[in-house]
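Participant: Return a 3D structure for these sequence lines:
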Amino acid sequence: MSACVPQAAAGDAPPWMHGLVGVPLPSYDEKTDAVLLYSETNVTVVSTDKIKTHVREAYKILRPNGREHGTVWVHFNPQIKITSLHGWCIPAQGKDYEVKDKDAMDVSPPINGGDLVSDVRYRIVRIPAPDPGNIIGSDYETEARPLGLQDSWDFQETDPVRESHYSLQLPAGWEYKVAWMNHPEVQPKDASNNQWQWTVGNVPGIRREPEMPPFRGLMGQMVVSFFPAGGPSVSNGFSNWREMGFWYSNVERGRSDPSPQIQQEVVALTSGKTTSLEKMRALAQFVQRDIRYVAIELGVGGFQPHPAPDVFVHRYGDCKDKATLMRSMLREIGVDSFLVVINDERGSVTRDTPAYASDFNHVITAIKLPEGLADPSLLAIWHDPKHGNILFFDPTNEFIPFGQIPGYLQADYGLLVTPEGGELVALPQQPSATNSIRRNAKMTLDPAGRLIGEVHEVRMGDRASSVRERLRTVTSDADRVKPIESLLASSLSSFRIAKASVVNLEKTDQPFEFHYSFESENYAKNAGELLLVRPRVIGSKGSGILETKDPRKFPIEFEGPAQDTDIFEIAMPPGYTVDDLPPPVDADFGFASYHSKSEVTGNVIRYTRTFEVKELSVPVSKADELKKFYRIIASDERNTAVLKLASQ
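Facilitator: Have a look, this model is predicted:
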């Protein structure tokens with residue numbers, strides 16, 4: 001993206017901005033970079049095919065990091081047209097600055113890895129002098145041809161908000177329905193002529209914290225659905241989850257119909273397979289690996305999947321395309337399935353979230369398992385009273401084996417789209433042991449403190465898929481050991497890898513394995529005639545995210561359930577015995593547990609530990625318990641055994 005240097009001119013900012021100069025503000029702390037002094041969003045629904053939106057915003061910049069508000073971004077695409085865009089700066093001293101439409105530039109959105117085909121663009125203006133003490137304002141208007149008749153007033157952000165307004169103008173005879181999230185409901189002011197106005201004020205900013213829930217699940221917002229007299233129809237809107245299911249069914253109607261080529265491919269893929277499970281696995285592997293993921297966001301394509309025959313022929317598609325092709329192929333072996341619309345950031349959608357299409361960013365498949373089909377590998381199962389056992393499957397994630405779902409989707413809420421409409425359902429949480437690292441190491445310590453060892457590491461679930469994804473394009477042996485180097489570097493002051501190998505890199509239905517041997521000079525520390533050795537050799541389970549002076553405000557989120565075990569056996573140098581061992585640890589706080597112990601058998605110190613995440617969210621009320629939990633782990637990981645010569 002090239003720099004945009006606007007030809008700013010001296011010009012008076014509008015009266016609505018000058019009215020904000022000198023307004024009293026509360027005292028903000030040193031981490032507050034800006035305050036939204038005023039905003040208004042005026043939505044005018046002209047018809048089912050046209051919505052006009054007028055937005056005004058003005059920020060007061062308090063600190064240098066607040067300068068980001070000097071760049072105004074307005075997105076558009078073939079369905080959204082920007083009709084005007086202006087920006088102004090009222091400096092603390094001197095003349096106003098103005099930036100007009102002609103000073104704007106259009107840019108494509110940044111791509112954070114992966115392939116993207118999109119018609120979304122941004123028009124941006126950069127307002128001069130967005131310096132501390134100055135007021136930055138913008139005003140823009142858009143016209144949209146909506147896919148659905150909904151809008152969201154997102155009135156809470158990272159900066160505090162002094163005053164925010166939203167107005168809705170509907171055609172005669174139209175009605176609306178609102179739902180509030182993370183803020184008490186505010187009653188509208190009826191301005192007559194089928195227009196309503198809402199106002200909120202003194203809304204605190206949301207300060208980001210490590211491992212917090214997703215921003216969208218925390219922010220204050222009002223979701224408004226509007227519809228012509230007679231209520232919503234499947235073609236233009238909805239006001240609840242059931243109606244949203246009908247709406248989405250209409251959007252994707254006919255898209256999973258097969259072609260002769262798809263039918264032929266299914267026959268070839270399932271040839272020789274005798275059970276439904278074998279056939280489903282073959283189809284799943286094809287869609288996961290042979291259909292390249294490409295994010296496609298072209299107009300209605302942001303919601304509507306491409307026809308399955310097109311996806312099959314082109315051999316690429318986005319999440320909803322892959323899920324739709326999977327449904328088409330499953331139908332050919334007599335297995336019914338449904339789409340599930342979901343957000344891949346757990347917590348963005350909750351049981352209390354109102355039905356709003358833009359809250360979702362991902363689509364997976366829900367497979368109706370044939371009656372009587374049961375297998376221990378099928379873990380992501382939910383029983384539906386109407387449709388029986390449902391298996392959730394994400395065709396986009398090629399590293400998760402069929403029968404499981406990644407941790408970020410577990411215990412998440414998704415919209416199950418069925419012929420009976422939509423239903424918001426909670427996806428299952430899998431047993432902790434299905435996402436694990438089992439590490440066994442046999443090591444030898446010499447009198448100089450050098451440690452030589454061999455490690456066998458078995459990974460399952462997300463623990464395996466993350467490494468497989470990292471190594472997917474790696475071809476050299478040197479690069480394949482990078483994850484091992486990172487692990488050893490985080491635990492050892494010095495080391496040398498003697499050899500390393502990888503097992504089951506491509507076989508996602510099998511556990512992933514690392515085998516490696518290493519040496520670490522001066523691992524044990526001399527203290528006179530004693531040797532101090534740390535039984536926990538590699539791997540860290542502690543965290544310092546709560547070691548801050550600021551009190552925690554939001555829950556702490558784990559990526560998914562997990563259960564990791566370490567067994568380290570260290571053969572002592574000849575002539576040495578154990579003088580002291582670290583105490584055992586048994587810490588169970590409900591949401592997670594940690595157990596460790598050190599034992600001696602002959603000349604071998606055997607250290608074992610288990611770390612388990614049981615619950616995926618820790619409420620603020622238990623933040624101190626989590627901090628204590630991590631401190632217990634950190635202390636155990638630092639503890640040393642004391643060795644002495646047997647003659648002493």
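Participant: Which of the three states applies to the closest residue to residue 581 other than its chain neighbours?
Facilitator: Counting by CB to CB, 6 or more residues apart in numbering, the nearest residue to residue 581 once its immediate chain neighbours are dropped is residue 598, at 4.6 Å. Where C-beta positions appear, they are placed from N, C-alpha and C, glycine not excepted. Classification of residue 598 using DSSP: H, G, I helix; E, B strand; the rest coil returns strand.
Participant: And the pLDDT for residue 598?
Facilitator: The model reports residue 598 with a pLDDT of 97.
Participant: so how many other residues sit close to it?
Facilitator: 23 (other CB atoms under 10 Å).
Participant: show me the contacts for it.
Facilitator: Taking CB atoms under 8 Å, 6 or more residues apart in numbering as the criterion, residue 598 is in contact with 535, 581, 582, 584, 605, 606, 607, 641.
Participant: What of residue 449?
Facilitator: Here residue 449 is in contact with 521, 522, 523, 524, 525, 526, 531, 533 (criterion: CB under 8 Å, 6+ apart).
Participant: now with 7 Å?
Facilitator: 522, 523, 524, 525, 526, 531 (CB atoms under 7 Å, 6 or more residues apart in numbering).
Participant: Closest to residue 309 out of those?
Facilitator: The closest of those to residue 309 turns out to be residue 523 (CB to CB; 60.6 Å).
Participant: Can you tell me the element the closest residue to residue 419 other than its chain neighbours falls in?
Facilitator: Once flanking residues are discounted, residue 419 sits nearest to residue 249: 7.2 Å by CB to CB, 6+ apart. Per DSSP states H and E, residue 249 falls inside helix 241-251.
Participant: And that helix, what's buried?
Facilitator: 241, 242, 243, 244, 245, 246, 247, 248, 249, 251 (16 or more other CB atoms under 10 Å).
Participant: ok so, going back, for PyMOL, write the select line for the buried members of the contacts of residue 449.
Facilitator: Here is the PyMOL selection string for the buried members of those, based on 16+ other CB under 10 Å:
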select buried, resi 523+524+531
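Participant: Let's see which of the contacts of residue 449 end up in strands.
Facilitator: The members of the contacts of residue 449 that map onto strands under DSSP state E are 525, 526, 531.
Participant: and the second one, bridged to which residues?
Facilitator: Beta-bridge pairing of residue 526, defined through DSSP bridges, involves residue 531.
Participant: measure the closest residue in space to residue 170 that isn't next to it in sequence to residue 229 for me?
Facilitator: Nearest non-adjacent residue to residue 170, counting by CB to CB, 6+ apart: residue 194, 4.7 Å away. As judged by CB to CB, to the nearest Å, residue 194 and residue 229 stand 11 Å apart.
Participant: what sits in contact with each of those two?
Facilitator: residue 174.
Participant: how about the nearest residue to residue 308, chain neighbours excluded?
Facilitator: Using CB to CB, 6+ apart, the nearest residue to residue 308 is residue 328, at 3.8 Å.
Participant: Was I right to think the one you found contacts residue 262?
Facilitator: Yes. Counting by CB atoms under 7 Å, residue 262 is a contact partner of residue 328 at 5.8 Å.
Participant: still on that earlier bit, tell me the least confident of the contacts of residue 449?
Facilitator: residue 526 (90).
Participant: Quick one: name whatever helix or strand follows the helix holding residue 249.
Facilitator: helix 260-270.
Participant: what packs against the next helix or strand after that next one?
Facilitator: Later in the chain than helix 260-270, the nearest helix or strand by DSSP H and E is helix 276-290. Using 3 or more CB pairs under 7 Å, 6 or more residues apart in numbering; DSSP states H and E, the elements in contact with helix 276-290 are helix 260-270, helix 319-331.
Participant: which parts of helix 276-290 are buried?
Facilitator: Here helix 276-290 shows 276, 277, 279, 280, 281, 282, 283, 284, 285, 286, 287, 288 as buried, counting by 16+ other CB under 10 Å.
Participant: farthest-separated two in these?
Facilitator: Longest span within these, CB to CB: 276 and 288, 18.2 Å.
Participant: thinking again about what came up before, Serialize the buried residues of helix 241-251 to CSV and add fields for pLDDT and distance to residue 624.
Facilitator: What follows is these, written out as CSV (pLDDT from 0 to 100; distance: CB to CB, whole Å):
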residue, pLDDT, distance to residue 624
241, 93, 37
242, 93, 42
243, 91, 44
244, 91, 40
245, 93, 42
246, 91, 47
247, 90, 45
248, 91, 43
249, 91, 47
251, 88, 47
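Participant: Pick the one among these closest to residue 124.
Facilitator: The nearest member of the buried residues of helix 241-251 to residue 124, counting by CB to CB, is residue 251 at 30.8 Å.
Participant: In this structure the closest one contacts residue 320, no?
Facilitator: No. Contact status for residue 251 versus residue 320: not in contact, 9.7 Å apart, counting by CB under 7 Å.
Participant: Low-confidence bits of the stretch 51-200 of the chain, can you list those?
Facilitator: Within the stretch 51-200 of the chain, the ranges that satisfy pLDDT under 70 run 110-118.
Participant: So which residues of it form strands?
Facilitator: 71-76, 80-90, 97-99, 105-107, 116-118, 121-126, 135-144, 150-154, 161-169, 175-181, 189-190, 195-203 (DSSP state E, counting those that start in this stretch).
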